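Undergrad: Here's a sequence, model it:
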Amino acid sequence: MAEERDPSLVVVAVSGLAVLVVVAFVAALVFGSRPQRSPGERIAVVRSSGPAGVTVLAGRCLDQRVTEVSMSGPGGALWRITSGEGSIERRYVVGEVPPPLGFRQRVGLAGVRPGPATFRVRFSREGHPDGSDAVEVDPTDIGRSAPELGDAAPPCAPSGGPGAVTSVLFVIGALVVVAAYGTMVVRRWGRWGRG
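TA: Below is the predicted model:
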């Protein structure tokens, strides 16, 4: 029968470094930050020939639906449309009658005044919390025309982290690695102490 040998000091040190890397990886994966968006990043307001002279472009991804588009000023809503089902459209002409397919006009266009107005788009995506984005611009002073959106919305980005079951499995795996390393160190130091 072969004699058991203690792990060398180099093996203990290198293994300790590997354990730290595993723990850091699992911590980054489980507790890492989710992608953050800047306000107004997913909306553009551009000139158009519609009743208000502007069109709202909704930067939705492929699986998202637009459920509300609105324009409001200091006195409240100036225009608002909603859809219970959600829409795959990405262009919304402010004040257009009738509104896009599947939408109901909740507040008819109350005019366009100089000064800041807030344009808001609400998005929904199955299996994800609803979200919205807003941008503040002066609708009477828009100097850009619509960018080319292409034929289809881009694919949606991943949610940003593993699910709960995956996170638990990674944590259990990291704990097993730490326990194995601890066992090796105790065994090594136990033999060092004896002789």
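Undergrad: Do you have the helices of this protein handy? List them.
TA: Here the chain has its helices, by DSSP state H, at 9-31, 164-194.
Undergrad: Could you dump these into TSV and include distance to Thr140, mean pLDDT and mean neighbour count?
TA: No exception for glycine: its C-beta is placed from N, CA and C like everyone else's. Shown next, in TSV, are the helices of the chain (distance: least, Cβ to Cβ, whole Å; pLDDT from 0 to 100; neighbours: other Cβ atoms under 10 Å):
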stretch	distance to Thr140	mean pLDDT	mean neighbour count
helix 9-31	47	78	13
helix 164-194	49	75	13
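Undergrad: Any regions of the protein where pLDDT drops low?
TA: Residue ranges of the chain with pLDDT under 70: 1-7, 30, 32-39, 144-153, 157-164, 190-195.
Undergrad: what residues go with each domain of it?
TA: 7-30+162-182, 43-137 (automatic domain parsing).
Undergrad: which of the ones you listed is buried the deepest?
TA: When the domains of the chain are scored by mean count of other Cβ atoms under 10 Å, the highest mean neighbour count falls to domain 43-137 (a mean of 17).
Undergrad: and the gap between the residue nearest to Val135 when sequence neighbours are not counted and Phe103?
TA: Distances taken as Cβ to Cβ, 6 or more residues apart in numbering put Gly40 closest to Val135, at 3.5 Å, once the chain neighbours are dropped. Distance, Gly40 to Phe103, using Cβ to Cβ, to the nearest Å: 22 Å.
Undergrad: same deal with Leu62?
TA: Distance, Leu62 to Phe103, by Cβ to Cβ: 20 Å.
Undergrad: With Val26 instead?
TA: 46 Å.
Undergrad: pull the longest strand from the protein.
TA: When the chain is parsed with DSSP state E, its longest strand is strand 76-87.
Undergrad: Note down every partner strand of that strand and its orientation.
TA: According to DSSP bridges, strand 76-87 forms sheet pairs with strand 65-73 (antiparallel), strand 104-107 (antiparallel).
Undergrad: how far does that strand sit from the chain's center?
TA: Its chain's average C-alpha position is 22 Å from that of strand 76-87, according to Cα atoms, centre = their mean, to the nearest Å.
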